[in-house]
Every structure is written in structure tokens, then in C-alpha cells.
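Q: Just a sequence and a predicted model for now, questions to come.
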Amino acid sequence: MDNSEIEKRIEQLRLTIRPAQASDAAEWLRMRMALWPDANPDTEAQEIAHFLALPARPALPTLHAVFVCPRPDAGLCGLVEVSIRPYADGCETTDVGYLEAWYVEGLSQILGRPVRF
């Protein structure tokens, strides 16, 4: 597969970003564990459940919004977790938007097969 074919396939994917929903919990946990392999899976799952709970619970200190990228076939291939912190290093203002987590799988994982460049 040459680069032009890869570019065409990427264009065909038309990946979208959307807010996380309850059906994303298992994939969200999978990606969190990939980011933080030393974390406790039970603790991570509890935080995800807290975020997704209905009726809504108060926001967690470091988790105010989550956005995911669905794979074309099934599952997720990326996520971001964001919060509003009272301050951040290097900022002179308060209530700073903060990127808490960012996970994106490699192109071969998204396509479901190895990619040669």
C-alpha cells in the first residue's frame, strides 16, 4: 500500500469526536489502563461510573468532560479527558481549562491491520 492509498483510507475513515456515553465504559477503561498501567482498574472503573452516573453526580476534581473517537467498525480509538482547574503552572488566570488525559491508538490499530509506510 503506497502513501496515496493510505491517505485515501484515512479520508474514508472520517473519524468523529463525541461526548462519552455509558456504552463506552469498557473501552474507556481499556484506554485509561493503557495510559496508566500501574493504576488500580477498580478505582479507574469507579471514577468512570461516577462520571457516567444518572442522575448526574457532582463533577470529580480532575474530570469534567470526556470526548471519545469511535472506530469505524466497533469500539473506540481515542479519548480526551478535560477539567477546569483553579490554576495551572504558567497561567496568570484562574479557572484554567486543563487536558487531563489524551489517548489515541496508532493508525494500524484504528485500521485493524499493519500499515506500511
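A: Sure, I can see it.

Q: Let me see the ranges of the strands in the protein.
A: All strands of the chain, identified by DSSP state E, fall at 18-19, 65-70, 76-85, 96-104.

Q: Packing partners of the first one?
A: Strand 18-19 is packed against strand 65-70, with contacts defined by 3 or more C-beta pairs under 8 Å, 6 or more residues apart in numbering; DSSP states H and E. From N, CA and C alone the C-beta is placed, and that goes for glycine too.

Q: which residues are contacting the strand it packs on?
A: For strand 65-70, the surrounding residues in contact (C-beta atoms under 8 Å, 6 or more residues apart in numbering) are 15-20, 24, 27-28, 51, 76-83, 104.

Q: Okay, Leu99 and Asp42: tell me how far apart.
A: According to C-beta to C-beta, to the nearest Å, Leu99 stands 25 Å off from Asp42.

Q: what about the protein, any weak spots by pLDDT?
A: Applying pLDDT under 70 to the chain picks out residues 1, 9-10, 12-13, 107-117.

Q: which residues touch the spatially most central residue of it?
A: Centroid check for the chain by C-alpha atoms, centre = their mean gives Leu79 as the closest residue, at 1.1 Å. Counting by C-beta under 8 Å, 6+ apart, Leu79 touches Ala20, Trp28, Met31, Val66, Phe67, Val68, Cys69, Ala101, Trp102, Tyr103.
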